[in-house]
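Engineer: no sequence on this one, just coordinates:
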Ligand SMILES: C[S@@+](CC[C@H](N)C(=O)[O-])C[C@H]1O[C@@H](n2cnc3c(N)ncnc32)[C@H](O)[C@@H]1O
């Protein structure tokens, strides 16, 4: 069990503020966990099923909140962009006032900003440096170019989304908001929002991002939840719940005093956690490695056409059996391997269910083992390259050097996890 440390005075103030605003906190407190920032610790014995925290609807921050609605932004602005713009306005106003006046640290943001009374919460957000230390979007290019393939793809998408939001909003934003500040608040939204379907609003409401609840997609369903945003992630943790009354978290098992209580952000692989949240878990039942970068280059144009027709092009997953940690490949991978090894007619029999494909499993396994052995050798080279990179030339001072060394450590850790998964799969594929 990792020791929980006193998080500091601003967290005591924040907890008092949350309670004053109707949040009920039961048997837990914020604490600092080395390597994980702030998390939530059990302050007494907790029984499975106990509600640990409830944040009332009027303390949640989402785009239907009056303070966010008051900010005049183009209709086409995404929910993510809208929240990030609000936090950027708020952050810029507060930090500007704070630096100008040494004696007065509070500020009254313009009426379009979230209420000044939110400032005890804001003071507990991770700093820009905290995010720079962990998130691959801030890695130097030398490290970014060595990300595993699925992480590279996720980072590209993240950058596209950020740039789309910034490009559409920057002409209308207050000029004091720089791209750097907007990137920071956009990433705060990315790492701290919870899934929210606006249950306090009627099913058809002009305040819903799609006017009708039935039309909502995941990209519309974001809310910031003060206090609940201090739960760190574990692969099996408490599941946050929301309804008309607000957001809550109940214990999914018993906890002892001093134990960290985590929620699950979802069934995410370590590559997803790394790009979206800036960490990888040592033990992750949902971890997986995408084999697309290994298998797709082996396909001919005709192969790709056939796979596309059946909806089987890409998405080839190597995962681990949750209980035994034995590597397993998904059905799509079994299909593409049959196409590569046995040809189109046997592949067609397999995908149509005429043939269960078990008769040729040994030769299919052998083929995949060969592909994985080759990749395992490549990983040895990638690890050497990453460890030998001269990152000193990427930095300006000792603090930044420490930061990039931490980034390198996470990247090396992830590659070693992939190497381990691949090597275990090679063994499991042997006859
Ligand atoms: C919703 S916030 C949780 C509170 C956060 N630790 C803080 O200090 O404000 C999500 C962020 O917490 C960190 N985090 C969450 N779970 C983690 C874990 N299991 N290990 C390391 N960092 C974690 C990551 O930086 C992530 O982006």
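Structural biologist: Yes, it's here. Note that the coordinates shown come from a computational prediction; the quantities given were computed from them, not determined experimentally.
Engineer: spell out which parts of the stretch 301-431 of the chain neighbour the ligand.
Structural biologist: Residues of the stretch 301-431 of the chain lying near the ligand by C-beta under 6 Å from any ligand atom: none. For the C-beta atoms, the positions are set from N, CA and C on the backbone; glycine is no exception.
Engineer: now the strands: where do they sit in the stretch 301-431 of the chain?
Structural biologist: 317-320, 327-329 (DSSP state E, counting those that start in this stretch).
Engineer: which element is residue 132 on?
Structural biologist: Per DSSP states H and E: residue 132 is located in helix 128-134.
Engineer: now for the helix or strand just after that helix, which elements pack on it?
Structural biologist: Next along the chain after helix 128-134, taking DSSP H and E as the criterion, comes helix 141-144. Packing partners of helix 141-144 (3 or more C-beta pairs under 8 Å, 6 or more residues apart in numbering; DSSP states H and E): helix 398-428.
Engineer: may I see the buried residues of the helix it packs on?
Structural biologist: 400, 403-404, 407-408, 410-412, 414-415, 417-419, 421-422, 424-426 (16 or more other C-beta atoms under 10 Å).
Engineer: picking that back up, including mean pLDDT and mean neighbour count, could the strands of the stretch 301-431 of the chain go into TSV?
Structural biologist: Below are the strands of the stretch 301-431 of the chain laid out as TSV (pLDDT from 0 to 100; neighbours: other C-beta atoms under 10 Å):
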stretch	mean pLDDT	mean neighbour count
strand 317-320	92	20
strand 327-329	89	19
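Engineer: in CSV: the ones you listed, plus distance to residue 152.
Structural biologist: Output for those, formatted as CSV (distance: least, C-beta to C-beta, whole Å):
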stretch, distance to residue 152
strand 317-320, 17
strand 327-329, 21
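Engineer: and the contacts of the helix holding residue 132?
Structural biologist: Helix 128-134 is contacted from outside by 37, 138, 180, 184, 187-188, 191, 277-279, 403, 406-407, 410, using C-beta atoms under 8 Å, 6 or more residues apart in numbering.
Engineer: again with stretch 29-46
Structural biologist: Stretch 29-46 is contacted by residues 2-8, 11, 14-15, 27-28, 52, 124, 126, 130, 227, 230-232, 251, 254-262, 279 when judged by C-beta under 8 Å, 6+ apart.
Engineer: of those residues, which belong to strands?
Structural biologist: When the contacts of stretch 29-46 are checked against strands (DSSP state E), the matches are 28, 52, 260-261.
Engineer: what is the mean pLDDT for the helix holding residue 132?
Structural biologist: Helix 128-134 shows a mean pLDDT of 95.
Engineer: is any residue of that helix near the ligand?
Structural biologist: Yes - counting by C-beta under 6 Å from any ligand atom, the ligand has neighbours in helix 128-134: residue 134.
Engineer: can you point out the buried residues in that helix?
Structural biologist: 128, 131-134.
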